[in-house]
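give me a model of this one.
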Amino acid sequence: MGKATHLETAFARRVRVKPIAARHNLRNQQRVEVSADILIERADGSRLDGKIANLSRSGVMISCSQDTARTLLPGLVPPAPGQSMEVTTRFSVPVLPTQPVAVVAEGNIVHMRRVARDEFHLGIRFCEFEGNGFDYVDRYVAKLLAGS
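Residues are numbered from 1 along each chain as shown. Below is the predicted model:
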């Protein structure tokens, strides 16, 4: 590459750079990478399948298809603050090596991100657990964090 022989900016096109907004971590708990199935139930009773991408004591990030994301968030519009979609999640965690336990947790979809052509990540913040669900998630996350 040679050196520029003529530098004139009078005809240069202006390009506006969008500022990068610092996004704070929506979950204040450490996340652990997990690969497990999850069932998401909407308020109308419809059920959809997804995969857990990561899990913390306060929420779960699920990986799902575009169709699933569109069903949960019509128009694929990310939820606005205060406008989250209520869902019930059902998944298993292996608290005991030989016996996984079922966890049922109500939560809100608070985040959506497209990660591939037909793959979306949805962030769900837990609001309430049935039974000992929180304890099971807490123990499982602690076990995985201790092993890392």
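
show me what counts as buried in the lengthiest helix in the chain.
Criterion DSSP state H: the longest helix present in the chain is helix 133-147. Buried positions in helix 133-147, judged by neighbour count with 16 or more other Cβ atoms under 10 Å: 133, 134, 136, 137, 138, 140, 141, 144. All C-beta spots, glycine's among them, are computed from the backbone N, C-alpha and C.

what's the closest of the residues you listed to residue 60?
Using Cβ to Cβ, residue 137 comes nearest to residue 60 of the buried residues of helix 133-147, at 8.8 Å.

contact partners for that closest one?
Contacts here follow Cβ atoms under 8 Å, 6 or more residues apart in numbering; on that basis residue 137 touches 55, 57, 93, 103, 105, 126, 129.

go again with 10 Å.
29, 55-60, 91, 93, 95, 101, 103, 105, 126, 129 (Cβ atoms under 10 Å, 6 or more residues apart in numbering).

gap between it and residue 131?
According to Cβ to Cβ, to the nearest Å, residue 137 stands 12 Å off from residue 131.

ok, so of the contacts of residue 137, who is nearest residue 47?
Ranking those by separation from residue 47, with Cβ to Cβ as the measure, puts residue 91 on top at 12.7 Å.

any weak-confidence spans in the protein?
1-29, 148 (pLDDT under 70).

could you pull out the strands for it?
Assigned strands in the chain, in chain order: 32-42, 47-55, 59-64, 85-96, 99-116, 119-129 (criterion: DSSP state E).

now, of those strands, which is deepest in the fold?
Using mean count of other Cβ atoms under 10 Å, the stretch among the strands of the chain with the greatest mean number of neighbours is strand 59-64 (a mean of 24).

which other helices and strands contact that one?
Identification of packing neighbours for strand 59-64 by 3 or more Cβ pairs under 10 Å, 6 or more residues apart in numbering; DSSP states H and E yields strand 32-42, strand 47-55, helix 66-72, strand 85-96, strand 99-116, strand 119-129.
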